[in-house]
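> Sequence plus predicted model, see below.
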Amino acid sequence: MTWGTVTLADEPTELLLAFAAWHAHLGASEIHIFLDRPNKPTAQALRDIPGVIVSECDDMFWHANGGRGLIQTRRQDAVANLAYAETDTDWLIHMDADEFLIDSRDILAELLALPETILGLRVPVRERVWTMAPETVFEGSFKVPLPGKLGLDHHLYGELSRYMQRGLIGHTRGKTICRTGQDLVMSIHGPRDQDTMNLMEAQSLHLLHFDGLTPFHWLLKRLKYASLPHAEAKKNTDHYRWNQIGALQTMDTLDEARRFQEELTFLKPEFATKLRALGLLEDAPTFEIGAALRKYSLDDLDLSAARFDRRLRRRDREFVEEIGWGAED
């Protein structure tokens, strides 16, 4: 029994190496990484980790695979289906580069126990939050989605609830690890039409979502998403993520945007205590990223928040200058 991952990524090399090392350490036999922004040094560094299969998504790649769409989610669907068609693993999960699986027991044991009629295992999400400014990209605790009916957010978060769903500001659906060799069409969170399929909820698996590796990364991701062609049509939609973007678009300075972001992603100590008492905030004791990095001789990988932000500023220099944030740091 084997399992693997597939990811479309446009992130700093340090994050991609940590992502690949962690999932190789966890037991993935195939780690498909499609580089949305081709980078040969990054591709070579990734290939040094066992099981990693890198594809650089250049013009030739997209010419052979239906063309490069402007919308990222469609490109994600495309590479997920390419990997699903080609994989030799028994199970495959589509993930983003800021998502890390953790297991409290054994991934393979849970997959082996599934009846053959079960085509997918839903992996619930935990979302990273901070209580203080992070020095490294993996610091923080993890919010658990609110149980019960939608709309309960208001009782805990008041006016901020318009920017949340089930207490989270990123996705709440988690991801689905899919049985391969089936007539499935892969999408971002799992197979299409999965609500009508035979799926089970994972018991020992969780997905850690580092939705923004640093506070600046969180802001940058959302403003870049707002610049996409389909964003204008959605900006007046009453949806929690578009509400976040709409609020940011009204802000003139980075300081103003950061204050808003801190309200959403930082917890005051007394509120963190309250969430823990309700079972809505926890640590991830099995996420020992250092052990994975040592295993693949990546001990010297610089995962500081300052380094990560510098890489983002260099990578997106034109965009950062366009929105008037280029003078920071």
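The structure has been received and is ready for your questions.

> Can you show me the helices along the stretch 51-200 of the chain?
In the stretch 51-200 of the chain, the helices defined using DSSP state H, counting those that start in this stretch lie at 59-64, 72-86, 107-112, 153-157.

> Alpha carbons of the third one, as CSV, please.
Taking only C-alpha atoms (Å, rounded to 0.1, in the frame of the first residue of the first chain), the coordinates of helix 107-112 have been written out as CSV:
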residue,chain,number,x,y,z
ILE,A,107,-1.4,6.7,7.6
LEU,A,108,-1.0,3.3,5.9
ALA,A,109,-2.8,1.5,8.7
GLU,A,110,-5.8,3.8,8.3
LEU,A,111,-5.8,3.4,4.5
LEU,A,112,-5.4,-0.4,4.7
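
> ok, residues contacting the strand or helix carrying R258?
R258 belongs to helix 254-265 when assigned by DSSP states H and E. The contact list for helix 254-265 (C-beta atoms under 8 Å, 6 or more residues apart in numbering) reads 129-130, 160, 163-164, 169, 212, 215, 218-219, 244, 247-248, 251, 324-325, 328. To be clear about C-beta, it is placed using only N, CA and C from the backbone, and glycine gets the same treatment.

> worst-scoring helix or strand of this structure, pLDDT-wise?
Least confident helix or strand, the chain: helix 231-234 with a mean of 58, by mean pLDDT, DSSP states H and E.

> what's around A226, how many residues?
A226: 18 surrounding residues under other C-beta atoms under 10 Å.

> and T5, what is it in contact with?
Contacts of T5 by C-beta under 8 Å, 6+ apart are 23, 28, 30-32, 92-95, 101.

> In terms of helices and strands, where is it?
Short version, using DSSP H and E: T5 is in strand 3-9.

> That strand pairs with which strands, and in what direction?
strand 30-35 (parallel), strand 91-94 (parallel) (DSSP bridges).

> so that strand versus helix 72-86, what angle?
150 degrees (axes from the mean of the first three to the mean of the last three C-alpha atoms, to 10 degrees).

> Which SSE is immediately downstream of strand 3-9?
Downstream of strand 3-9 (by DSSP H and E), the next one is helix 13-26.

> any chance you could map the strands in the stretch 201-329 of the chain?
In the stretch 201-329 of the chain, the strands defined using DSSP state E, counting those that start in this stretch lie at 205-209, 281-282.

> try the stretch 51-200 of the chain
52-56, 91-94, 99-103, 120-123, 125-129, 141-143, 175-179, 186-187, 190-191, 199-201.

> Distance from the last one to the middle of the chain?
Right, strand 199-201. Relative to its chain's centre, strand 199-201 lies at 21 Å (C-alpha atoms, centre = their mean, to the nearest Å).
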